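> Pasted the sequence and its predicted model underneath.
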Amino acid sequence: METYSISTSGKQNKFSIKRLFSQSFAYLILIFGTLVTLVPFIWVIFTSLKPASEIIRIPPTFFPETWTLDSYRTIFTDPHVPLALFYFNSFFVATFRVVITIFTSTLAGFIFAKYKFGGKDAIFGFILVQLMIPFQVVMIPGYLILVKLHLVDSLWGLIIPSMVDAFGIFLMRQFIEGIPSELMDAARIDGSSEFGIYWRIILPQLGSAIAALGIFTFMGTWNDYLWPLIVITTHEKRTLPLLLTWYNSQHGTRYDLTMAASILVLLPILIVYAIFQRRFVRGITMTGFK
Amino acid sequence: MDNPTILAKQNKGKSKFSALERVKNKFVTRSLTPIMLYMLFFSLLPMVWAVVLGFFDYSPIRAGSSFLGLGGQNPFIGLDNYRAMFLDTQPARVFRSAVVNTFMFALLVLPINLAITLPLAVIIESIHERFKGFFRAIYFMPTISSSVAVAVMWGYIYHPQQGLLNSIIRAVGLTPPKAWLTDPSAVYFGIPLAMIAVIIAYIWQDFGYNLILFIAALQGIPREIQDAARVDGANAWNTFWRITLPLLKPTLLFVCVLTMLSSLQVFVIFDVMTNGGPRNQTTPLVMSIYQNAFRYQNMGWAAAISMVLFLIILFVTIVQFKVLRTDWEY
């Protein structure tokens, strides 16, 4: 690796054997990594396109000998799997959580960034402390609270306990601090209310921060498993990840079906990712979100 | 923040607040109060409640007093839940193996993840601009995927007869293990095979995240610093170890802390792939908390375990900050 390749990116266009060698080596590793990343996906897609008789063959085939959509047809026509309903459940929870989280995070972040008031530091400290508390600690009392509120086994039970996000507030405060206060003063002269300043001056400038928070709240909610597992008990109220584990337990050895079901769960988020790929990447580097 | 010129009307009274300040205060109070009350109810209350539960022999199926269901048939037992962790009983043994499993998992995931993501980030940064985005996009795909789907996928990949992995191993003429996920006697270097299998799947899903953080950090290092080192005669290897790596230290700290935190809280992939087995060899702490609280309805005991998890996370984070802290920036 004793070459230019490590530190330069296109700046050293000087052709040399050494450089050619190191570049080839770099691409070789990257292509190997691409195979390791993609082959499991491809294997799963191919499996879902095989007939049931081909699944049980040993050794297994990689490419389907017979291509078929039977597995998808079986899932779509299964009366126990009203797919549209499960998609709706997941979308319903994710949409509400994204919209509400963005609203509360930007509003609170705005206040902590731009206003002075008594106890501000203490309150903000309390918000930071929450970042240190793992979800698994508050999960048990959180469930007991839901029982008292009669929100167990309800989609609202997945939304209401997570309407305010400490990290979102922290993130938005960082961004809003960078917005010049003169804009706010100008708006006040024009007779704007404080909420009007938030709505018309601050919010429109938070585009990329809101996109990042929105994407990761959506992803987190869409892929969330532990909390729905605790809260939801009725089959019809399951979100997609719960549906998948249930379906897996019902059809454990029919891998054509379980792989097709996995694809169906993965598909929406992969499509969103394909469209907003750059925003995902920028969002991560901007927020360090997980 | 004060701007006296825009005061619509100066109040003549003795009030120490100007009209504008009063408007601001009203806005702050009205907006923040609901959010704070919400946080008291959904964040502070559960935190305090979890601590309290750890001191009780609490089960939601037993009748307690009217105050949070504590007392009555859910008696206060002081530190007994914590003392019970050291006893020679079945639940205590499961708990202790969960602590070991969790540490084993986190301490293996972190170095393996770094050994893959850091060199890979350097390699991606070294290639032509046009292809960087392509590889980055591919490598990040597993990270956005649902953990449940990934676990179901990998469960099949590890299938002893029909799985992809064993087929590949057989195709190159080697003998694959007879069962990746269910054989309790398969232990390598003290690490159960099922644990190794889950770690591989977990890293496959998770590496794209750290990769992107490292790439961003590498892009943030000013070109001139590296160029200066090269002018002074340092080769690429030395430039990386002496210049680039020290400059990456803040990112390294961040990546280490986040990777540790998330792997100490691992649950989904174990729950779906192994369900804790074989013989609790792959039960992490969070699964132990979940099972005790919601399957066995033993919430006092589960809350005490969750406190142990919290202390472990706190301790690990503090240690990492102490070890990797830097006082300078570029």
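That came through, no problem.
> State whether residue B:63 and residue B:72 are indeed in contact, as I suppose.
Yes. If you go by CB atoms under 8 Å, residue B:63 and residue B:72 touch, sitting 5.7 Å apart. C-beta coordinates here come from the backbone N, C-alpha and C atoms, glycine included.
> So these two - more neighbours on which side?
For the pair residue B:63 and residue B:72, the greater number of neighbours falls to residue B:72 (12 against 9), based on other CB atoms under 10 Å in any protein chain shown.
> Which segments of chain B make up each domain?
Chain B breaks down by automatic domain parsing into domains covering B:4-45, B:54-84, B:88-324.
> list the contacts for the closest residue to residue B:59 other than its chain neighbours?
The spatial neighbour of residue B:59 that comes closest, neighbours along the chain excluded (CB to CB, 6 or more residues apart in numbering or on different chains), is residue B:297 at 4.8 Å. Neighbouring residues of residue B:297 by CB atoms under 8 Å, 6 or more residues apart in numbering or on different chains: B:59, B:60, B:61.
> Go again with 10 Å.
Shown in contact with residue B:297 (CB atoms under 10 Å, 6 or more residues apart in numbering or on different chains): B:58, B:59, B:60, B:61, B:62.
> can you tell me the helix or strand for it?
Element membership for residue B:297, per DSSP states H and E: none, as it lies in no helix or strand.
> any idea how far residue B:74 is from it?
As judged by CB to CB, to the nearest Å, residue B:297 and residue B:74 stand 11 Å apart.
> How about residue B:98?
From residue B:98 across to residue B:74, the span is 24 Å (CB to CB).
> before we move on, the earlier item: ChimeraX command to pick out the buried ones of the contacts of residue B:297?
Paste this into ChimeraX to select the buried members of these, with burial taken from 16 or more other CB atoms under 10 Å in any protein chain shown:
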select /B:58,59,60
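> And the furthest pair within the contacts of residue B:297?
For the contacts of residue B:297, the farthest-apart pair by CB to CB is B:58 and B:61; their separation is 10.2 Å.
> before we move on, back to that, now do the shared contacts for residue B:297 and residue B:74.
Common neighbours of residue B:297 and residue B:74, using CB under 10 Å, 6+ apart, are B:58, B:59, B:60, B:61, B:62.
> What count of nearby residues applies to residue B:304?
27.
> Identify, from the shared contacts of residue B:297 and residue B:74, the entry nearest to chain A.
residue B:60 (6.7 Å; CB to the nearest CB).
> So, low pLDDT: which residues of the chain?
Reading this off chain A. Confidence mapping of chain A against pLDDT under 70 gives the ranges A:1-15, A:287-290.
> You answered for a different chain; I wanted chain B.
Low-confidence segments of chain B, defined by pLDDT under 70: B:1-17, B:326-330.
> Going along the chain, name the strands of it.
B:187-188, B:191-192 (DSSP state E).
> Next, format the ones you listed as a markdown table and append mean neighbour count and distance to residue B:47.
Shown next, in a markdown table, are the strands of chain B (neighbours: other CB atoms under 10 Å in any protein chain shown; distance: least, CB to CB, whole Å):
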| stretch | mean neighbour count | distance to residue B:47 |
| --- | --- | --- |
| strand B:187-188 | 12 | 39 |
| strand B:191-192 | 20 | 34 |
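> coming back round to it: joint contacts of residue B:58 and residue B:61?
In terms of CB under 10 Å, 6+ apart, residue B:58 and residue B:61 are both contacted by the residues B:73, B:74, B:297, B:298, B:299.
> Return the distance of the last one relative to residue B:61.
According to CB to CB, residue B:299 and residue B:61 sit 10 Å apart.
> so what sits against both of these two?
With CB under 10 Å, 6+ apart, residue B:299 and residue B:61 have common neighbours residue B:74.
> about what we covered before: nearest to residue A:143 among the shared contacts of residue B:297 and residue B:74?
Out of the shared contacts of residue B:297 and residue B:74, the member with the shortest distance to residue A:143 (by CB to CB) is residue B:60, at 8.5 Å.
> Now that closest one. Its backbone dihedrals?
Backbone geometry at residue B:60, expressed as degrees, to the nearest 10, gives phi -70, psi -10.
> is it true that it touches residue B:293?
Yes. Residue B:60 is within contact range of residue B:293, at 9.0 Å (criterion: CB atoms under 10 Å).
> got any residues that touch both of those two?
Joint contacts of residue B:60 and residue B:293 (CB under 10 Å, 6+ apart) are A:140, A:143, A:144, B:299.
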